[in-house]
Structures are given as C-alpha cells and as structure tokens.
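Peer 1: Sequence and predicted structure are below.
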Number of protein chains: 2
Amino acid sequence: MKARVTVTLKTGVLDPQGKAIEGALRSLGVEGVDSVRQGKVFDIELGSADRSKAEAALTNACEKLLANTVVENYRVEIL
Amino acid sequence: MKARVTVTLKTGVLDPQGKAIEGALRSLGVEGVDSVRQGKVFDIELGSADRSKAEAALTNACEKLLANTVVENYRVEIL
C-alpha cells in the first residue's frame, strides 16, 4: 500500500526558507508570486494491506518522527 | 490564488534521507513501513487570478529554481 504524508508549518510560524525562495523567484524574474511556504512530503510504501492499520502506523510515525507537532501540521493520505 | 508544487526524486535516484528515516522508524518501533522517499512541497500564494498565467509562472519557477530537473520531478496543482 502506498501513502503520502505531507508536513507543513502551522500558520503564524515564521518560514525563512520560504521567504528566501520568494526573494530568489523575484530576482529570477518570476512574476506574480506573493508568498511561498515550504514543507516536506514523504512517499511511504507499507507492507500491510489493512487501511486502518496503515493509517494508525503513519499517524504514529508522524507523532514520533516525521513532524514536529509544536510548529508543524501533518496530513496522512492513503493512495 | 493558491497553488501547491510537489517536488519528488525521480525513480532510481538514491534517497539517503529517506533511507535514514526508514531506519529511524524501525528503531522507534513503527511497524509495517517498507520504504520512505522524501520530497518537498511549496505552498504558493499567487497574485494573478488567471489560472493559465499562474500555471505558466509556476512551471517557470520549477524549471528555474524549485526543482532540479536532472534528478527531480515536479507537479503543479492550482487549488
């Protein structure tokens, strides 16, 4: 089973990396970009065929390792 | 207009970061994860209300800055 976990910064948390990308796009002449926020994506292959077990394992993985829940949100999608 | 750009490694390109996450999940006791590949996600706010213009600007941004097209694929979604 395949899954995708997306980890993004919570609203209000400063994102200097996103700000740097905004500046770089502007200096490269890419027009119309107002703001950029960067996050992470994890494409995960799971052994189990049980959807709810897979979701539980991924939520566990996010809480323990993939996301810093103080400043980041995560979203688990089973594909 | 909001958009999301997802940048992932092409198939066959080694992902040591993903491998490290796999190992870390195993040692944290998260069961059932076979493989992990890490990518990047950019949440972008655009000024223009024109969908095709926005798509063109984002493709340009990906080619110039956001993705290394030698080893990475990108996907642009207008939300």
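Peer 2: Done, it's in. Since the model is a prediction, treat every value here as computed from it, not as a measurement.
Peer 1: Residue numbers of chain A in contact with chain B?
Peer 2: Contact residues, chain A versus chain B (CB under 8 Å from any CB of the partner chain): A:6, A:8, A:18, A:21, A:24-25, A:28, A:30-48, A:53-54, A:57, A:60-61, A:64-66. For glycine as for every other residue, the C-beta is placed from the backbone atoms N, C-alpha and C.
Peer 1: go with 7 Å
Peer 2: A:6, A:8, A:24-25, A:28, A:30-48, A:53-54, A:57, A:60-61, A:64-65 (CB under 7 Å from any CB of the partner chain).
Peer 1: Give me the subset of those that lies in helices.
Peer 2: Among the residues of chain A next to chain B, the ones falling in helices (DSSP state H) are A:24, A:25, A:53, A:54, A:57, A:60, A:61.
Peer 1: Only the buried subset of the residues of chain A next to chain B, as a ChimeraX command please.
Peer 2: Entered in ChimeraX, the line below selects the buried ones among the residues of chain A next to chain B, by 16 or more other CB atoms under 10 Å in any protein chain shown:
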select /A:6,8,25,30,32,33,36,37,38,39,40,41,42,43,44,46,54,57,60,61
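Peer 1: pretty sure residue A:71 is in contact with residue A:7, am I right?
Peer 2: No. Proximity of residue A:71 to residue A:7 does not meet the contact threshold set by CB atoms under 7 Å, at 10.2 Å.
Peer 1: More neighbours: those two, which one.
Peer 2: Each of residue A:71 and residue A:7 has its neighbours counted (other CB atoms under 10 Å in any protein chain shown); residue A:7 has more, 18 against 12.
Peer 1: Could you tell me the angle between the longest strand seen in chain A and strand B:33-46?
Peer 2: For chain A, the strand that runs over the most residues, judged by DSSP state E, is strand A:33-46. Between the axes of strand A:33-46 and strand B:33-46, defined by axes from the mean of the first three to the mean of the last three CA atoms, to 10 degrees, the angle is 170 degrees.
Peer 1: Given strand A:33-46, what are its sheet partners and their directions?
Peer 2: strand A:2-9 (antiparallel), strand B:33-46 (antiparallel) (DSSP bridges).
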